[in-house]
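Enquirer: only the shape, not the letters, is given here:
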């Protein structure tokens, strides 16, 4: 039996787990994927939003503004990439100024600081490649960019360090409540918990509706993206938005925390929660819409495209708090945008709820800091020499585009979460995320994994069981 | 900081031949920097035969072809640093590299770029669909099958008919997989004719010209692809879509010269080839930096890589022996009608050797045509060609004597002209 079970190892589950690890509680995170951040948390815009577009009084408005203010400290304490580059909401016609004003007013009401409307001349100084048609913009200095999967990993690793247990590959089939205890069961076993936190993302409705008579629905909202080469990362200096619509914040153009250029997302409500396929029309919409923001879009520099699914609730707001009819069930559901921005604030709030329910004490030996393993690409020449002298694997580059060394791949495998999939290694090291998209490192990393884990090469997987890179030894089927 | 007369970046067929060429001209203070733990480059995984027909009049496998050069490099005692990745080259020819022993800083008097090329990945094509396991570039699959001894799958579709894709169609078949189709966007193959015959026709593997993959399907492992015919603008034809089930999709959709280091060294690149702009000595726009092999332009036969790279080595040696030649003329070599590019892009008749081979590719399939060479508006040479395709590199030879009658020539043009009024 555990004190708290968290269902879902996305950014919400992991940031909650990290805050709960401050308490004297036995906490377990159950994640159906083979790594944390393997759903919506790995495929989103990576934006830390200002909070001007949330409807005042909503949970989204409250947690967005509060969450945003926590990023400087959290990114330092937990060592994940974050840059407060600011964002611009662009107006292309004089008539659109009125909408900028409305957003400005709404932002002030939500508590967003330093907002102002700026004119074409100032915009061009800030963004030399901006489209000539832009007449004015809402400048949001508090906007930022973050690496969403590294952020999730950072929270998860710090949680592990402070005693939280992660069960990866744990698919929750049923949840029951009997005699004040939750029983959570699936193909890989079962466990009981006093408090259940439902951070199951797209499936938060399934979990809630198994326990509560107060049903809600989560609808997947598909967002398609195109990612461009790092050579284009400085095309823009801020995150560029167009005016928001009912469908959301619209298609943005932004540098990423790792220096690429990102375009997207589209916004389509779909039925299937597992469909992360990109579509011809979606990718075309991304490129056509993004085209309006800048003078010319280097579409020849696209290195990959992908789809993320937002977990949108039927209330159009976050659903956060204790279930009205199931005691000790805490729902953290419907965490669509601005979920990533809100995560640190949501986690603090859930921490206070759990503390009240369990009356648990703070751990005196809580270790707030987490350090990522050193990256060769970030080192000075001298640091590189020192690193190689200590560990010759730092002198062996296995991913050419991102300059990832064998030492980093091994550090990812040996890290606190004991991952072994290529995608998990990629999220921690960036191996395979460059312009050749794994053409070089795909020949090397499986050999390192097989060697480290003492398994044959055809047991190396991309992301969980059934994703073996290689099927048979040669001539097996002859 | 270590100093060296000549640093060669890459120890594949280009780098080895360049080193041998320079050594033959009397340069001994050379270093070859190779990122793998063996010389030979991509030849090491090319276990099929067909190499060396031009260079040795023999049919060798890739490793056998490489071995001849490795032996020569060893015999000549040319220093090689293996397992060494070059990270940066400055226009002043300072090289930063890394290997498990530490960081290397080398100041070279001349550099030969011989880094080869890489394969165009799926992302560059922006094919819609899922992102399951089972999608590999043909070269990655070749490494898994030929060097590791494992198949990526049993039912294969190959997108693109580049030579590595064709070679892998045969290899996968021989290792027990079923290759269901090779799908090519263009109305012609981008590979060598002999590979179409020996790798597809001989095994009854269908080649679908003017077709492309329009969607990738499969949640965890690829389950199949949608393939459509395309019109003359390469857009899918509605209603032509068919589903082909497969557990592996191999991509052979083009090779890109690997010029990140060249750009760091301020070398100008051709937007057509993706390789450096060079003169007849294969010298780039950065003085003392030369380029050869697939980093300069993608070749289809290694024999010509070796030949070109020997020349780059000899020219680098001459540069080292006489770094500041008399003022040079630079006559542009233009790609005329039907020609996509030429290498070199410039030449100097005063300093050229007795003969100069100009290599080029055509931009479409041409039948019964003439390859013509013009000095300004005067045609100085022509040769009949039964068929020219973009997949096969062509060449014409310039002779020094051609210039005696055309002393003031200001540009040279190569064309591929239809033979209608010939």
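Expert: Nice, thanks for sending it over. Just so it is clear, the model here is predicted, and its values are computed rather than measured. Numbering: from 1, shown residues only, chains lettered A, B, ... in the order given.
Enquirer: going by C-alpha atoms from here, please, whenever you check contacts or count neighbours.
Expert: Noted.
Enquirer: burial count for residue B:2?
Expert: Neighbours of residue B:2 under the rule other Cα atoms under 10 Å in any protein chain shown: 10.
Enquirer: what bridges to it?
Expert: Beta-bridge pairing for residue B:2 (DSSP bridges): residue B:106.
Enquirer: again, but for the one 4 residues further on
Expert: Beta-bridge partners of residue B:6, counted by DSSP bridges, are residue B:30, residue B:110.
Enquirer: for it, give its distance to chain A.
Expert: 23 Å (Cα to the nearest Cα, to the nearest Å).
Enquirer: what's the answer for residue B:100, then?
Expert: Distance of residue B:100 to chain A, computed by Cα to the nearest Cα: 4 Å.
Enquirer: that residue: neighbour count?
Expert: Using other Cα under 10 Å, residue B:100 is surrounded by 18 other residues.
Enquirer: contacts for stretch A:108-120 next, please.
Expert: A:50-52, A:54, A:56-57, A:61-62, A:65, A:100-101, A:104, A:107, A:134-142 (Cα atoms under 8 Å, 6 or more residues apart in numbering or on different chains).
Enquirer: what subset of the residues you listed is also close to chain B?
Expert: By Cα under 8 Å from any Cα of the partner chain, no member of the contacts of stretch A:108-120 lies near chain B.
Enquirer: can you say which of these are buried?
Expert: A:50-52, A:54, A:56, A:61-62, A:65, A:100, A:104, A:107, A:134-142 (16 or more other Cα atoms under 10 Å in any protein chain shown).
Enquirer: surely residue A:347 meets residue A:12?
Expert: Yes. Counting by Cα atoms under 8 Å, residue A:347 does reach residue A:12; the two are 7.1 Å apart.
Enquirer: those two: which has the busier surroundings?
Expert: residue A:12 (30 against 24).
Enquirer: quick check: the more buried one vs chain B, distance?
Expert: Plainly put, residue A:12 is 24 Å away from chain B if you go by Cα to the nearest Cα.
Enquirer: burial count for the nearest residue to residue B:3 once chain neighbours are set aside?
Expert: Among residues not flanking residue B:3 along the chain, residue B:107 sits closest, at 4.6 Å (Cα to Cα, 6 or more residues apart in numbering or on different chains). By other Cα under 10 Å, 20 other residues sit near residue B:107.
Enquirer: list the contacts for residue B:107?
Expert: Residue B:107 touches B:1, B:2, B:3, B:4, B:93, B:94, B:95, counting by Cα under 8 Å, 6+ apart.
Enquirer: including distance to residue A:111 and pLDDT, could those go into TSV?
Expert: Output for those, formatted as TSV (distance: Cα to Cα, whole Å; pLDDT from 0 to 100):
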residue	distance to residue A:111	pLDDT
B:1	56	88
B:2	59	94
B:3	61	98
B:4	63	98
B:93	55	98
B:94	53	98
B:95	52	98
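Enquirer: give me the low-pLDDT residue ranges for the stretch 101-250 of chain A?
Expert: Within the stretch 101-250 of chain A, no range satisfies pLDDT under 70.
Enquirer: hang on, the earlier thing: restricted to strands, list the contacts of stretch A:108-120.
Expert: Among the contacts of stretch A:108-120, the members found in strands (DSSP state E) are A:136, A:137, A:138, A:139, A:140.
Enquirer: need the max-distance pair from these.
Expert: A:136 and A:140 (12.9 Å; Cα to Cα).
Enquirer: from residue A:284, how far out is the residue of chain B most remote from its centre?
Expert: Distance from the C-alpha centroid of chain B peaks at residue B:239, with 37.0 Å (Cα atoms, centre = their mean). Using Cα to Cα, to the nearest Å, residue B:239 is found at 20 Å from residue A:284.
Enquirer: kindly report the same for residue A:262.
Expert: 14 Å.
Enquirer: between those two, who's got more neighbours?
Expert: Neighbours per residue, other Cα under 10 Å: of residue A:262 and residue A:284, the larger number sits with residue A:262, 26 against 14.
Enquirer: contacting residues for that one?
Expert: Residues near residue A:262 by Cα under 8 Å, 6+ apart: A:45, A:225, A:226, A:227, A:228, A:252, A:253, A:254, A:255, A:256.
Enquirer: got the residue ranges for the strands in the stretch 1-150 of chain B?
Expert: Taking DSSP state E, counting those that start in this stretch, the strands of the stretch 1-150 of chain B run over residues B:2-9, B:30-33, B:49-51, B:60-61, B:80-81, B:85-89, B:94-99, B:102-113, B:117-119, B:135-137, B:150-151.
Enquirer: quick one: mean pLDDT for the second one?
Expert: I take that to be strand B:30-33. Averaged over strand B:30-33, pLDDT sits at 98.
Enquirer: so for the closest residue to chain A within the stretch 251-400 of chain B, what's the pLDDT?
Expert: For the stretch 251-400 of chain B, the residue closest to chain A is residue B:260, as judged by Cα to the nearest Cα, at 9.2 Å. Per-residue confidence (pLDDT) for residue B:260: 95.
Enquirer: and it, how many neighbours?
Expert: Applying other Cα under 10 Å, we find 14 residues neighbouring residue B:260.
Enquirer: with residue A:76 instead?
Expert: Taking other Cα under 10 Å as the neighbour definition, residue A:76 ends up with a count of 14.
Enquirer: backbone phi and psi for it, please?
Expert: When read as degrees, to the nearest 10, the backbone of residue A:76 gives phi -80, psi -50.
Enquirer: let me know the pLDDT of it.
Expert: At residue A:76, the model reports a pLDDT of 98.
Enquirer: relative to chain B, how far out is it?
Expert: For residue A:76, the distance to chain B - Cα to the nearest Cα - is 29 Å.
Enquirer: for residue A:477, same thing?
Expert: From residue A:477 to chain B the distance is 5 Å (Cα to the nearest Cα).
Enquirer: hmm, that residue is touching residue B:177, no?
Expert: Yes. Counting by Cα under 8 Å, residue A:477 touches residue B:177, with 7.4 Å between them.
Enquirer: need the overlap of contacts for those two.
Expert: Joint contacts of residue A:477 and residue B:177 (Cα under 8 Å, 6+ apart) do not exist.
Enquirer: which one's more surrounded, these two?
Expert: Between residue A:477 and residue B:177, counting by other Cα under 10 Å, residue B:177 is the more crowded of the two (23 against 10).
Enquirer: who touches the more buried one in this structure?
Expert: A:477, B:153, B:154, B:155, B:156.
Enquirer: quick check: phi and psi at the second one.
Expert: For residue B:153, the backbone dihedrals (degrees, to the nearest 10) come out as phi 180, psi -180.
Enquirer: show me which residues of the stretch 251-400 of chain A sit near chain B.
Expert: Contacts of the stretch 251-400 of chain A with chain B, taken as Cα under 8 Å from any Cα, map to A:275-280, A:283, A:300-306, A:381, A:384-385, A:388-389, A:392-397.
Enquirer: now, of the residues you listed, which are buried?
Expert: Neighbour-count burial (16+ other Cα under 10 Å) is assigned, among those, to A:275-279, A:283, A:301-306, A:384-385, A:388-389, A:392-397.
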